[in-house]
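Visitor: Kindly return the folded structure for what I paste below:
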Amino acid sequence: MTITRHSRSFLFAIVQCCCFLAVAVSVSAQTSNQSNYNNCLYGNYGCDKSRLSQKELEEVATAEYRRNYNNCLYGNYGCDKSKLGSDVASVTNPSGSGSPSALQASPEVQRLEYFIGMWTIAGQIVSRSFGVIGKFTGQYRNHWSSDGLSLVSVWNEQRPATTESGQSTYEYDQELKSYVCQSVDSSGEKETSVGNLDGNTWTWLSSHTTGDGNLGGRFTIKQESSVKYTFKFESQLATGEWELALEGSASKEP
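Guide: Now for the predicted structure:
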């Protein structure tokens, strides 16, 4: 069979197409695997352990053990003492919420005690700069870190077009004289926010650049009572003005 110039061009085009599809499938698979790994690591819905490598399985097992240990230590829902082994004797917490270290921590760290427990949020996205406009809900499980000097929040949110999850760590920086929050979501995106407390109002500032020209974010929380707070997130535009992106409220479960 003779391959003409036209045939060679046609075959070359097919090879290019196949290579492109192979790369696209590879990238899609990597993204899917990363998302599955994060779901398993943070204990979120959608985890498929059969897709994890041996190293990932070990990391997830360590995270599950630590999460269960903290649930038992701080009296949170989900504690299974049968999985604690020899550590069960050390799981004591007379106060029912704060760890001994936290009770001896600075007054600034103790203010984080307010958020300990399970919180359910609900709100409305009002600007496309924060995604598809519409209602959203979420659950936040907050507990003290093992040393009692920072608060760990494991969260998941159901938004109009997607579901997101992640983990955040809150602590007080004595040098900055401010609170610092380190967050990572299920896609692997990381963000750092700096916060301050004025009375019962928390204000958190973050910096980022998006395609629509936003330069930063301002997240405000107002403690309405011991079991309820309201919140809003604003995006800073290139003009320096603040635009409301979302708002809502949170209720603490008994």
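Visitor: Now stretch 196-212: buried residues?
Guide: Going by neighbour count (16 or more other C-beta atoms under 10 Å), the buried part of stretch 196-212 is 197, 202-204, 206. Using the backbone N, CA and C atoms, a C-beta is placed for each residue, glycine as well.
Visitor: And stretch 132-146, by the same measure?
Guide: Counting neighbours by 16+ other C-beta under 10 Å, stretch 132-146 gives 136, 138-145 as buried.
Visitor: quick one: which of the residues you listed is nearest Asn68?
Guide: His143 (11.2 Å; C-beta to C-beta).
Visitor: Quick one, grab the pLDDT at that closest one.
Guide: For His143, the pLDDT comes out at 95.
Visitor: That one contacts Ile116, correct?
Guide: Yes. Taking contacts as C-beta atoms under 8 Å, His143 lies within contact range of Ile116: 6.4 Å.
Visitor: residue contacts, Phe219?
Guide: Going by C-beta atoms under 8 Å, 6 or more residues apart in numbering, Phe219 touches 193, 203-206, 231-234.
Visitor: sorry, that was for Ser193
Guide: Applying C-beta under 8 Å, 6+ apart, the residues contacting Ser193 are 180-181, 183, 204-206, 217, 219.
Visitor: Ok, Ser50 next?
Guide: Per C-beta under 8 Å, 6+ apart, neighbours of Ser50: none.
Visitor: can you list the domains in this structure?
Guide: For the chain, automatic domain parsing gives the domain ranges 1-92, 100-252.
Visitor: coming back round to it: can I get the contacts of Phe219 in CSV including pLDDT, distance to Gln223 and secondary structure?
Guide: As requested, those are arranged in CSV below (pLDDT from 0 to 100; distance: C-beta to C-beta, whole Å; DSSP: H, G, I helix; E, B strand; the rest coil):
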residue, pLDDT, distance to Gln223, secondary structure
Ser193, 94, 18, strand
Thr203, 98, 12, strand
Trp204, 97, 14, strand
Leu205, 95, 19, strand
Ser206, 91, 21, strand
Phe231, 98, 10, strand
Lys232, 97, 14, strand
Phe233, 95, 17, strand
Glu234, 94, 19, strand
